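A.B. asks: sequence and computational prediction follow.
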Amino acid sequence: MNRYQFSKLVQEFENDVAEILGTKGESYASEDDVLHNFKDNAARLGLEPFQIWAVYFNKHVSAIFKAIKSNPKFPEDTSEGFVSRLEDAAAYIKLGHALYQEDMIKNIAQKLMIENTEQE
């Protein structure tokens with residue numbers, strides 16, 4: 001595969017992942033928070049949102065590994081398709097990144113509030 005073909009493939013893959021995040025996101029997210037599903041389930045189960053994310057992400061990784069194990073030369077997933085599993089895993093990577101970024105922003109804001117309180 002040459003660079004042009006790879007670039008085109010990556011763009012198509014990213015478009016498909018964006019579509020997944022849009023369509024499936026509508027089912028799982030709230031109007032105001034795309035990460036609502038992770039937070040809501042975490043609160044309900046006494047866990048952290050990252051723990052919920054890890055379970056969902058691992059579901060797709062496990063299916064990818066199962067497909068590879070059953071046919072190492074040409075992995076196939078009979079329920080959703082191998083490429084679909086890769087796209088779902090990529091979507092969850094993006095959601096995990098969003099969780100991390102949101103937490104990082106909250107942590108920075110909390111540190112600034114503490115520092116401001118201490119300076120007063």
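C.D. replies: Ah, there it is.
A.B. asks: residue contacts, the residue nearest the centre of the chain?
C.D. replies: Nearest to the mean C-alpha position of the chain, counting by C-alpha atoms, centre = their mean, stands residue 92 at 1.6 Å. Residues counted as contacts of residue 92 (C-beta atoms under 8 Å, 6 or more residues apart in numbering) are 53, 56-57, 60. Using the backbone N, CA and C atoms, a C-beta is placed for each residue, glycine as well.
A.B. asks: state the distance from it to residue 106.
C.D. replies: Distance from residue 92 to residue 106, counting by C-beta to C-beta, to the nearest Å: 21 Å.
A.B. asks: cool, and residue 3?
C.D. replies: Applying C-beta to C-beta to residue 3 and residue 106 gives a distance of 40 Å.
A.B. asks: same question for residue 52.
C.D. replies: In this structure, residue 52 and residue 106 are separated by 17 Å, where distance is defined by C-beta to C-beta.
A.B. asks: more neighbours: those two, which one.
C.D. replies: More crowded of residue 52 and residue 106, by other C-beta atoms under 10 Å: residue 52, with 21 against 10.
A.B. asks: that one in helix, strand or coil?
C.D. replies: Secondary structure of residue 52, reduced to three states by DSSP: H, G, I helix; E, B strand; the rest coil: helix.
A.B. asks: would you mind confirming that it makes contact with residue 44?
C.D. replies: No: under the criterion of C-beta atoms under 8 Å, residue 52 is not in contact with residue 44, lying 9.4 Å apart.
A.B. asks: next, count neighbours for residue 58.
C.D. replies: Count around residue 58 with other C-beta under 10 Å applied: 13.
A.B. asks: what mean pLDDT does the strand or helix carrying it have?
C.D. replies: Remark: residue 58 resides in helix 49-70, with elements defined by DSSP states H and E. On average, the pLDDT along helix 49-70 is 96.
A.B. asks: ok, now stretch 76-90?
C.D. replies: Throughout stretch 76-90, pLDDT has a mean value of 92.
A.B. asks: my guess is residue 60 contacts residue 84, does it?
C.D. replies: No: under the criterion of C-beta under 8 Å, residue 60 lies out of contact with residue 84, with a separation of 9.3 Å.
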